[in-house]
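Undergrad: Could you look at this predicted model? Sequence included:
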Amino acid sequence: MSQAIALSPKEIETQLSSQLAEWALVDGGLQRSIEAKNYLEALNWLYDIGKWAEKQDHHPDLLLHYKRLTVRYWTHTVNGVTQLDVENAQGVEGFLQDGKFL
């Protein structure tokens, strides 16, 4: 297994502008919030993302506040955002747009 390396702020900004327009760099992590139609839809998203994250063996922070789900990727071992965080954020984005993880 290769050692994870934190991306530079410029690398992160490039990824955000080219592939993750709905995501932002917040407190050192990639973050996106989405508004569901109701609590149960948001809860289902949380569950689906959580199941997929377990398969990826890379787990985001998930915060559910009524109809709003916030997803945040950050790698604690490097104290920053890695390429794996970006790839997993892209996977979540695919799920949110098409109902399928990338």
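TA: Sure thing, it's come through.

Undergrad: When you work out contacts or count neighbours from here on, use the C-alpha atoms and nothing else.
TA: Noted.

Undergrad: State the distance from the most centrally placed residue in the chain to residue 45.
TA: The chain has residue 89 as the residue nearest its centroid, 3.6 Å off, counting by C-alpha atoms, centre = their mean. Distance, residue 89 to residue 45, using C-alpha to C-alpha, to the nearest Å: 14 Å.

Undergrad: Next up, phi/psi of residue 45, please.
TA: Torsion angles at residue 45 (phi, psi; degrees, to the nearest 10) stand at phi -60, psi -50.

Undergrad: For it, which non-adjacent residue is closest in space?
TA: residue 69 (7.9 Å; C-alpha to C-alpha, 6 or more residues apart in numbering).

Undergrad: go on, residue 52?
TA: Here the residue nearest residue 52, using C-alpha to C-alpha, 6+ apart, is residue 101, at 7.9 Å.

Undergrad: Residue 80 too?
TA: Per C-alpha to C-alpha, 6+ apart, closest to residue 80 is residue 6, 5.2 Å.

Undergrad: Just say helix, strand or coil for that neighbour.
TA: coil (DSSP: H, G, I helix; E, B strand; the rest coil).

Undergrad: residue contacts, it?
TA: By C-alpha atoms under 8 Å, 6 or more residues apart in numbering, residue 6 lies in contact with 78, 79, 80, 81, 82, 83.

Undergrad: can you check residue 39 too?
TA: 66, 67.

Undergrad: just the helices in this structure please.
TA: Ranges of helices in the chain, per DSSP state H, are 9-19, 39-56, 83-98.

Undergrad: With respect to burial, which of these scores highest?
TA: For the helices of the chain, average neighbour numbers computed from mean count of other C-alpha atoms under 10 Å are highest in helix 83-98, which has a mean of 17.

Undergrad: Show me what it is packed against.
TA: strand 29-35, strand 68-73 (3 or more C-alpha pairs under 8 Å, 6 or more residues apart in numbering; DSSP states H and E).

Undergrad: Out of those, which gets nearest to residue 96?
TA: Of all these, strand 29-35 sits nearest to residue 96, with 8.7 Å by C-alpha to C-alpha.
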